[in-house]
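# build me a model from this:
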Amino acid sequence: MRNLRKFTVAAAGTALVLGATACGPQSTTNGSPQQPAAQTAAPAADGSGGTDAYGNGKSNGNGNGAGKGSVAAGTAAGPLAVRDDAVLGPLVADAEGFTLYRFDKDTADPSSSACVGDCAKTWPPVPASATEPGGVDAARTGSVKRADGTEQLTIAGWPVYRFAKDSAPGQTNGQGVGGTWFAVTPDGGKAGVKEGAQEEGGPLPALSLTDDAKLGTIIRDGKGRTLYRFTKDTAWPMKSRCEGACLEKWRPAKLVDLNDVKGIDPKKLIPYTRSDGTKQLTIDCWPLYWFTGDKMPGDTNGQGVGGTWFAVTANGKLAK
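Below is the predicted model of the structure:
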C-alpha cells in the first residue's frame, strides 16, 4: 500500500512543509547515529562555535599565534606574501608567514565585514595600516572601515583575517571552518576550493548541484560537501543500513529548507526517521550522507569506497 506522508520542519524560524511521497513503510535497525535531528543548521554567525563539519574544534579565542613584531589584531606589519601551499595552492600570508582568510558571510561589493564581537577575537581582522601589498597586486588591495572605526585590509574587496588557532607560520587550521572560512588567494578567491565550487555573493544554497570533472553533475550540501548514497540501503522500504561504526565516517545528511534548494526537484526530498528518532534527508527515498574523509568543499574522496558508496545525481541515481 502506498504510504503518503506529509512532514513539517522548521528552518530559519519558518515552518516548512516537505512534499508528500511514497517510499514504503520505514524500517530501521538499532544504532546510535551521531548527528542531531532536524534540518541543516546554519554555521554559527562568527564561524567559531562548536565542532564544524570538517572536524575543526571550537576555538577559545585566546591568543592568536603571532610572533615578535606583531601589531594590532595579531598581524605582522610588513608586506604580504604569496605562498604555494602543497594542498591548497596559492594563498596569501602576512609578513610573518601566517595564513590570511576570508569569510563567506562578508561581502566584497560593497566591502563589508560580518565578523564582529567574539568572532573578531577568534578571527582577528588584518589592519590595513599594518600591511603593504608585497606579493599581492596592489590594485587588488584596499580597506574597509569597521564598526569600531579601524580600517581592515581587503583583497579584491573581501575583508581578510588571521585565525587564532594558527599557532605557527604556514598553518591552515582555519580552512573550511564552519563551511564559511577559507584561506584567501592573491585574487581574492577561496584557496583549495575546486573550480565551479565557488559562488560569489553569498553562501551556497542548502542543496545544489556542482559539475565534477570525473563524475559529472552531482549533489552537494550548503557547505559544499559531496553527498553520497550507500548501496546497502533500500528505498522500498526506505531503510538505512549505516549504523554504529559506519556513522563514524558517513554522517547522515540533515533536512534542508526546501526554499533553499537549487537544481533539484524538492518533491524528491523527504525525511527518513532513523532508529534513534533523528531525521535524515533522502532523495527519491534513498538516504543521503556526507563523508568525513572529504576535507574540503568539492572533494569526492568517498566515491567508490568499498564498492558501495557513490555520489548522487539530481534524480537520485548513483554517479559513476
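# just want the most central residue of the protein.
Most central in the chain under C-alpha atoms, centre = their mean is G179, positioned 2.2 Å from the mean C-alpha point.
# touching, it and V193? I think so.
No: in this structure G179 lies outside contact range of V193 using C-beta atoms under 8 Å: 10.9 Å. Bear in mind the C-beta positions are built from the backbone N, C-alpha and C, glycine included.
# what do these two both touch?
Counting by C-beta atoms under 8 Å, 6 or more residues apart in numbering, the residues touching both G179 and V193 are G224, P297.
# before we move on, the earlier item: check the gap between the residue nearest to the centre of the chain and K317 for me.
For G179, the distance to K317 equals 26 Å [C-beta to C-beta, to the nearest Å].
# neighbours of E151, how many?
Using other C-beta atoms under 10 Å as the criterion, E151 is surrounded by 15 other residues.
# that one touches S129, doesn't it?
Yes: with contact defined as C-beta under 8 Å, E151 reaches S129; the gap is 6.2 Å.
# quick one: contacts for the closest residue to A108 other than its chain neighbours?
What sits nearest to A108 in space, not counting adjacent residues and going by C-beta to C-beta, 6 or more residues apart in numbering, is G157, at 3.2 Å. With contacts defined as C-beta under 8 Å, 6+ apart, G157 is in contact with T107, A108, D109, P110, S111, G142, G188.
# quick one, which of those has the minimum pLDDT?
Sorting the contacts of G157 by confidence puts D109 at the bottom, with a pLDDT of 86.
# just the contacts of G157: which are in strands?
Among the contacts of G157, the residues falling in strands (DSSP state E) are T107, A108, S111, G142.
# closest to Q303 among these?
Using C-beta to C-beta, A108 is the member of the ones in strands among the contacts of G157 that sits closest to Q303, with 32.7 Å.
# quick one: the closest one and L288, what's the gap?
With distances taken as C-beta to C-beta, A108 is found 32 Å from L288.
# what about these two, which has more around it?
Shown here are A108 and L288; by other C-beta under 10 Å, L288 has more neighbours (24 against 18).
# L288 contacts Y272, doesn't it?
No: the pair L288 / Y272 is not scored as a contact, 9.0 Å apart, by C-beta under 8 Å.
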